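Colleague: Prediction below, plus the sequence it came from.
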Amino acid sequence: MKKAFLAGMALMLLCSVPSAAQQQPPFIFTVYGGLFFPSNEQFHDTYKSNSESIWGVGVCLPIEPLLFITGDISFFRPEASITAQGDSTVSLEENFIHWGLLSKQPVGTRLFVRLSGGMSYVTIKQKYSSPRSPEQTLQADKKIGYYGGAGMEQMVESGRVSFFADIVYDYRRSHQKELEGDFGGLRLVVGAHLIMF
């Protein structure tokens with residue numbers, strides 16, 4: 001599955017990006033962070049919270065002046081105590097790998113509306129640890145999901161950096177008995193695009 005995913009992503013990039021002979025496209029580095037609100041029904045009961053922090057990094061490559069191929073990876077790591085003594089814990093690890101398209105529509109001189117969407121590959125791992133028993137790890141089946149989002153972006157005057165705010169919804173359902181349910185959710189993030197060259 002991982003090999004097919006990587007091969008598909010590489011093929012998409014090769015087919016869509018103009019050749020170096022035509023033009024040298026800028027390499028845009030992206031960093032962001034914010035809050036993730038999981039769709040999983042048991043999340044609030046287990047972690048005593050409706051949201052936790054999420055952060056990620058990625059790249060953008062232009063196809064056209066206002067259309068980009070994007071790829072990024074984000075990390076979500078909540079942890080909670082599950083006993084009154086606080087010596088037993090449960091933790092969730094979710095890695096979201098996105099690849100898709102980003103379209104920008106100008107609404108001012110340097111202000112843009114952002115629309116994004118595409119496919120996602122999400123890994124899910126839940127760990128239980130206690131001093132009285134060995135650590136237990138549950139891992140969900142590996143499946144492809146999807147995402148979509150909207151936001152605003154402001155380019156600074158130099159044209160080398162822009163700042164954005166996005167609302168993004170991830171969908172990823174697991175049918176594995178021990179980790180059944182929706183492991184996607186809604187994220188509110190702010191970030192920056194850095195144009196490297």
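Modeller: Yep, it's here.
Colleague: what residues does stretch 185-197 touch?
Modeller: Outside of stretch 185-197, the residues within contact range by C-beta atoms under 8 Å, 6 or more residues apart in numbering are 24, 26-40, 54, 56, 60, 74, 153, 159-170. To be clear about C-beta, it is placed using only N, CA and C from the backbone, and glycine gets the same treatment.
Colleague: correct me, but residue 179 touches residue 142?
Modeller: No - the criterion here is C-beta atoms under 8 Å, and residue 179 misses it with residue 142 at 12.0 Å.
Colleague: The two: which has the busier surroundings?
Modeller: Between residue 179 and residue 142, counted using other C-beta atoms under 10 Å, the more crowded position is residue 179 (18 against 13).
Colleague: What is the burial count for the nearest residue to residue 159 once chain neighbours are set aside?
Modeller: With sequence-adjacent residues excluded and distances taken as C-beta to C-beta, 6 or more residues apart in numbering, residue 159 is closest to residue 195, at 7.3 Å. Using other C-beta under 10 Å, residue 195 has 15 neighbouring residues.
Colleague: which residues touch the nearest residue to residue 47 once chain neighbours are set aside?
Modeller: Distances taken as C-beta to C-beta, 6+ apart put residue 80 closest to residue 47, at 4.4 Å, once the chain neighbours are dropped. By C-beta under 8 Å, 6+ apart, the contact set of residue 80 is 46-48, 89-91.
Colleague: any idea how far residue 68 is from the residue nearest to residue 159?
Modeller: From residue 195 across to residue 68, the span is 12 Å (C-beta to C-beta, to the nearest Å).
Colleague: do residue 158 as well
Modeller: 19 Å.
Colleague: More neighbours: which of these two?
Modeller: Set residue 158 next to residue 68 and count neighbours by other C-beta under 10 Å: residue 68 wins out with 23 against 7.
Colleague: how near is the more buried one to residue 74?
Modeller: On the measure of C-beta to C-beta, residue 68 and residue 74 end up 17 Å apart.
Colleague: follow-up on the earlier one: let me have the contacts of residue 80 in CSV, extended by pLDDT.
Modeller: Converted to CSV, the contacts of residue 80 look like this (pLDDT from 0 to 100):
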residue, pLDDT
46, 85
47, 87
48, 86
89, 88
90, 91
91, 92
